Structures are given as structure tokens and as C-alpha cells.
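# Take a look and give me a structure for this.
(chains A, B, C and D)
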There are 2 protein chains.
Amino acid sequence: MSEDDVLRLIEQAVIDHRLPPGTKLKEVELAQVFGVKRGAIRKVLTRLVHSRLADQRPNIGVTVAKPSVKEALDLFTARRAIERSMLVSLAVKITAKQIKQLRKMLNEELCCYQNGDSQRATALSVEFHQVLASMADNDVMTGFLNDIIRRTPLVILTHLGDTGQNLCRNQEHSAIVDALENGDGEKASQIMDQHLSHIENRIREEPELPKSNLAALLLKVPS
Amino acid sequence: MSEDDVLRLIEQAVIDHRLPPGTKLKEVELAQVFGVKRGAIRKVLTRLVHSRLADQRPNIGVTVAKPSVKEALDLFTARRAIERSMLVSLAVKITAKQIKQLRKMLNEELCCYQNGDSQRATALSVEFHQVLASMADNDVMTGFLNDIIRRTPLVILTHLGDTGQNLCRNQEHSAIVDALENGDGEKASQIMDQHLSHIENRIREEPELPKSNLAALLLKVPS
DNA sequence: CAAGTGATTATTGTTAACAATAATTTTCTG
DNA sequence: CAGAAAATTATTGTTAACAATAATCACTTG
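Have a look, this model is predicted:
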């Protein structure tokens, strides 16, 4: 099992809240679980910490991050700034072909949702934002947005609980594409702002404290 | 010598263009230069790579990054988006005391420049942007901006050469503070946009190929 | 029993030796 | 001598053993 695989599995376990905030990530235990050497786990944990999905305290270890409410709000504000800028620049250069691609994605997402495959619908919903970013063609901002997207599920989980999942409205995404097609970047930005505010406004105080199983949790596939 | 010290010295060597883009950073050599173990250098290099100041190719090694022109332009576009957002939110909440602090900084920068201490003037000029960010009080965006600020000297060096240093105009910084004082975030943003465009527009094609000395270069203090 | 104290265990951090790979030099051959 | 093949060297990557630190437990004592 490769290093990237291990990272992906742990990240997914955090996103699926099978590893609640505060859970300690022990090196030897993880090494045994994934059948890799401790050095590999160490590198993975370093990456996790750098992406702010985990905290590290010297000589103590790394734990799944517990983002504060402020961090959650900062995250959404940053996201608005970045997506706004990308939409404005994209609106003046988007092609008919790209519009078509976006509409196709939205349609597929809707189908999945109606067919009850909400997990795939959510994935497509996230991918919508990433595809917009790739079309805006700014690698720096795309990188920042990916950072934010990676961190967002954790803050939603921490402050909204399970009810916070699947918050993107297909309808709003659709309106953004409409605005882009009309070359109206300002309007697209406004819709995006509202879209993100829908989520942001629901964030409230509520810490959650966990227990830890690690072995079983990490390898379980979310059905 | 601590790990952070080593990182700082190498970063500074890149910024001062004593380590030109493409220079190979050999682990054992660096370890000897700084008198630390190879493992420590390894961790430092990992951090350098993650901050995009260096590239890594498996089994070959890490080299000082050679940012492309597109990367440079993307960097400035992202910076505009972030600083704009921060200025807009800061304009409606900045205090008289903070205005005073900013004016004091600008004054000091001007003095340094007139006294010929251009190095300190440049440092203050950079710090101006960072202080604005801390006042805007968004940790996520502050982090992104710091990433950008760390990468900017390298792209300027690569594409403008030595003449590109010290590009921030004290006068423009001053105008931004004026706009903030009037609570006009939009105007402050416009000035900032122009300010950054002054730099961005000068970027042109021009690769630079280096040789490498490492030992002498890294420890030399820029007089 | 509560609180401290020392011993034990568990966990993270470091290092030196080894392995694997890439770069270089040497040697061979037409 | 040019070019390819082989041998050598240099460099990065991995690992297992050890060291240092923190957490836990058992024990004593007031």
C-alpha cells in the first residue's frame, strides 16, 4: 500500500467523521493497520499536519484537528474571495463547450440525488467547484481552493454535526452557470456568495468529544 | 543550529538570489554546511518543496524552483483577490489607532529609504502587507498571503532579474491607508490592484541558468 | 482515601547503517 | 577517436535499533 493511499484513507476517514476531532493518531498502530513502516506513517502525518487536518505537539503526537468556529468562518470568507475572483475572470472567457460540460455535470448530480446515490451526488457537487477552478486556469488559486475544500468537511462536521453534509444546492450551481453563460461574472459571484453563506450561516457552537478505535474505523468502507 | 534556522537561511539565500533557480540542494553537503544530521536537512527540504520554493524529483533530488511566467502571473492574480477581500472587510472596522500604526510604519520605511537602508525599507514594505493582513484578522487568508509573499521574490528574480527588487511604492501604500481611513474599501482595493499591477506588468520572459557553490554562498551574510 | 512519588510502559524522536537508484568515470571496441 | 558497455562513485531512500520524552500504573504515606 502506497504512501498516497494511506494518506487518502486517513483523510477520507476524517471526512466521513469516523475519526472524530481530537482522535490521537499513533504511529505504530497506524503502521500495523496499513501494513507499512513507521517512517511512511510519519511522512503521511507530516502532510496531514501541514494541510491543517491534524495538529502536532512535540513529543506528544498528532491528533485530528478541532477547528474553531473562527477558523470555520475564516475558511468560508477566504473561499468566497477566491471563488469570486475566479468567476469574474472565467465569465469573460468561458466557452460554449465548457458551459455544456458544466450543465452535464449538474444534470448527472441531480440524477444521482434522485436515485438516492447521495454520496456520489455530494462528490459531484464538490467537483463542480473544482471544475470551475480548473476552467479559471489559475494554479495558485486552484491550490488554495483545494486546501479549503479539503478542510471544509471537518469544520462542518465539528460545528454542524452530521446534518451539515450535502449542503450544496444544485439549483444554485445551475444559476451560477446561467450567469457565466451570460458573461455576468458579478452576478455569478453574488450567487456564489449567497450559496456559500447558506452554509456558513448555519455554523454554530458545539464541540464534540470522541473515543478512538482506529483499526476497525480506518479500513471500513463507507457503505 | 535548529531546523527552523536552517530553513530560514536557505529561504533567505533563495530570496537574495545567492541560490539561483535550478541549483541542486544536496543533502549531505547541506548537512555538513550547517553542521546538522542529514535527517534534519531532509525535513527542511520537504518543507521547502511544499512551499513551492523547490522542486523534488524522486531519486534525483530537490532543486531551487524555476517558476514559469504563468505561475508568476497566477501568483499576482491570487494576491489581488486576497488583498482585495481583506481590504474590503478591514475598511469597515479599522480603528484610528490602527491607522496611526500604519502611518508610523510608512514613515519609518520612507526614512530608511532616504537614509540609504534600502534593505530594511524593503522589509518594512513587505511587512506593511502582512500587518494589513493581521488587522483583517482572517487566519486562512493571512496564511495564503504569507505563502504568496514567500514565493514572490523568486518569481520576480526569475523574470525581472535584479532590477525587480524594491518594487513597492511608499506613495501607493500611503494612498491605501488614506482610503481605509475614509472607510472606502473599494477604493483601497483599486489602489492595491494598480499597485500590484505595476509589478506584474513588468514580468517578461527571461530564463536564467546558474552554477552552484553552496557552502560559501549559504553562509555569506548579504552585506 | 487523596495526593504525591517512583517505577514501568508506551510513544515519539534521532541516528547510523544499509539498500536502491542515478550520475560519472573508465574501459573496451569498431 | 566516437560511442557503447561496464564498473565505479555519488546521491537519495529506507529501516531497524536506540534515545528521549510523556503517559500510566503501583505504591507509599499522611
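
# which residues of chain A fall in helices?
Assigned by DSSP state H, the helices in chain A fall at A:3-15, A:27-34, A:38-50, A:69-91, A:96-114, A:118-136, A:139-160, A:170-181, A:185-200, A:215-219.

# right, and the ones you listed - which one's nearest B:Ala91?
Among the helices of chain A, helix A:69-91 comes nearest to B:Ala91, with 14.4 Å by Cβ to Cβ. Any C-beta I mention is one placed from the backbone N, CA and C, and that applies to glycine too.

# What is the burial count for the residue nearest to A:Phe34 when sequence neighbours are not counted?
In this structure, A:Phe34 finds its nearest non-sequential neighbour in A:Val6, 5.1 Å apart by Cβ to Cβ, 6 or more residues apart in numbering or on different chains. Using other Cβ atoms under 10 Å in any protein chain shown, A:Val6 has 23 neighbouring residues.

# Surely A:Val6 touches A:Val44?
Yes. Counting by Cβ atoms under 8 Å, A:Val6 touches A:Val44, with 5.1 Å between them.

# Now the common contact residues for these two.
A:Leu30 (Cβ atoms under 8 Å, 6 or more residues apart in numbering or on different chains).

# Burial check on the closest residue to A:His50 other than its chain neighbours, number of neighbours?
Setting aside the residues directly before and after it, A:His50 is nearest to B:His50 in space (Cβ to Cβ, 6+ apart), at 6.1 Å. As a burial measure, B:His50 scores 15 neighbours (other Cβ under 10 Å).

# So the residue nearest to A:Phe128 when sequence neighbours are not counted versus DNA strand D, what's the distance?
Residue nearest to A:Phe128 in three dimensions, not counting chain neighbours: A:His173, with 5.4 Å by Cβ to Cβ, 6+ apart. A:His173 is 41 Å from DNA strand D, where distance means Cβ to the nearest atom of the strand, to the nearest Å.

# Nearest to DNA strand C, out of the helices of chain A?
Each of the helices of chain A has some distance to DNA strand C by Cβ to the nearest atom of the strand; the shortest is helix A:27-34, at 3.5 Å.

# So what angle separates the directions of the closest one and helix A:3-15?
With axes from the mean of the first three to the mean of the last three Cα atoms, to 10 degrees applied, the angle from helix A:27-34 to helix A:3-15 works out at 100 degrees.

# How about helix A:27-34 and DNA strand D, any contact?
No. Using Cβ under 7 Å from any atom of the strand, helix A:27-34 never reaches DNA strand D; the gap is at least 9.5 Å.

# List the residues that contact the residue nearest to A:Phe128.
A:Leu106, A:Glu109, A:Ser125, A:Phe128, A:His195.

# For it, give its distance to B:Gln194.
34 Å (Cβ to Cβ, to the nearest Å).

# Okay, now the unreliable bits of chain A?
A:163-167, A:204-223 (pLDDT under 70).

# In it, which residue is most central in space?
For chain A, the residue nearest the mean C-alpha position is A:Ile149 (3.2 Å; Cα atoms, centre = their mean).

# out of everything not next to it in sequence, what's closest to it?
Spatial nearest neighbour of A:Ile149, chain neighbours left out: A:Val126 (6.3 Å); criterion: Cβ to Cβ, 6+ apart.

# What is the neighbour count of that neighbour?
13.

# Assess the claim that it and A:Ile148 are in contact.
No. Using Cβ under 8 Å, A:Val126 is not in contact with A:Ile148, being 11.1 Å away.

# Could you export stretch A:98-110 as CSV, CA atoms only?
The C-alpha coordinates for stretch A:98-110 follow below in CSV (Å, rounded to 0.1, in the frame of the first residue of the first chain):
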residue,chain,number,x,y,z
GLN,A,98,-17.4,24.4,-21.1
ILE,A,99,-20.9,25.6,-20.4
LYS,A,100,-22.1,22.4,-21.8
GLN,A,101,-19.7,20.4,-19.7
LEU,A,102,-20.9,22.1,-16.5
ARG,A,103,-24.6,21.6,-17.4
LYS,A,104,-23.9,17.9,-18.0
MET,A,105,-22.3,17.6,-14.6
LEU,A,106,-25.2,19.3,-12.8
ASN,A,107,-27.6,17.0,-14.6
GLU,A,108,-25.7,13.9,-13.5
GLU,A,109,-25.6,15.2,-10.0
LEU,A,110,-29.4,15.7,-10.0
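
# List the buried residues in it.
Of the residues in stretch A:98-110, A:Gln98, A:Leu102, A:Met105, A:Leu106, A:Glu109, A:Leu110 count as buried by neighbour count, 16 or more other Cβ atoms under 10 Å in any protein chain shown.

# Adding distance to B:Leu90, write these out as CSV.
Shown next, in CSV, are the buried residues of stretch A:98-110 (distance: Cβ to Cβ, whole Å):
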residue, distance to B:Leu90
A:Gln98, 35
A:Leu102, 34
A:Met105, 36
A:Leu106, 36
A:Glu109, 37
A:Leu110, 40
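
# Can you pull the phi/psi pair for the residue of chain A most remote from its centre?
Among the C-alpha atoms of chain A, the one most distant from their mean position (Cα atoms, centre = their mean) is that of A:Asn59, at 29.6 Å. Note on A:Asn59: its backbone torsions stand at phi 70, psi 0 [degrees, to the nearest 10].

# Over to A:Ile60?
When read as degrees, to the nearest 10, the backbone of A:Ile60 gives phi -120, psi -50.

# Distance of it relative to DNA strand C?
In this view, A:Ile60 and DNA strand C are 6 Å apart by Cβ to the nearest atom of the strand.

# Quick check, A:Pro153 in contact with A:Ile15.
Yes. Under the criterion of Cβ under 8 Å, A:Pro153 is in contact with A:Ile15, at a separation of 4.4 Å.

# what number of residues lie near A:Thr46?
Neighbour tally, A:Thr46, other Cβ under 10 Å: 17.

# now do A:His129
Neighbours around A:His129, by other Cβ under 10 Å: 21.

# Report the contact partners of the closest residue to A:Phe76 other than its chain neighbours.
Among residues not flanking A:Phe76 along the chain, A:Glu200 sits closest, at 4.2 Å (Cβ to Cβ, 6+ apart). By Cβ under 8 Å, 6+ apart, the residues touching A:Glu200 are A:Ala72, A:Leu73, A:Phe76.

# Next to chain B in this structure, residues from chain A, please.
With Cβ under 8 Å from any Cβ of the partner chain as the criterion, chain A comes near chain B at residues A:43, A:46, A:50, A:70-71, A:74-75, A:77-78, A:80-82, A:84-86, A:89, A:138-141, A:144, A:148.

# So among those, which ones count as buried?
A:46, A:71, A:74-75, A:77-78, A:80-82, A:84-86, A:89, A:138-141, A:144, A:148.
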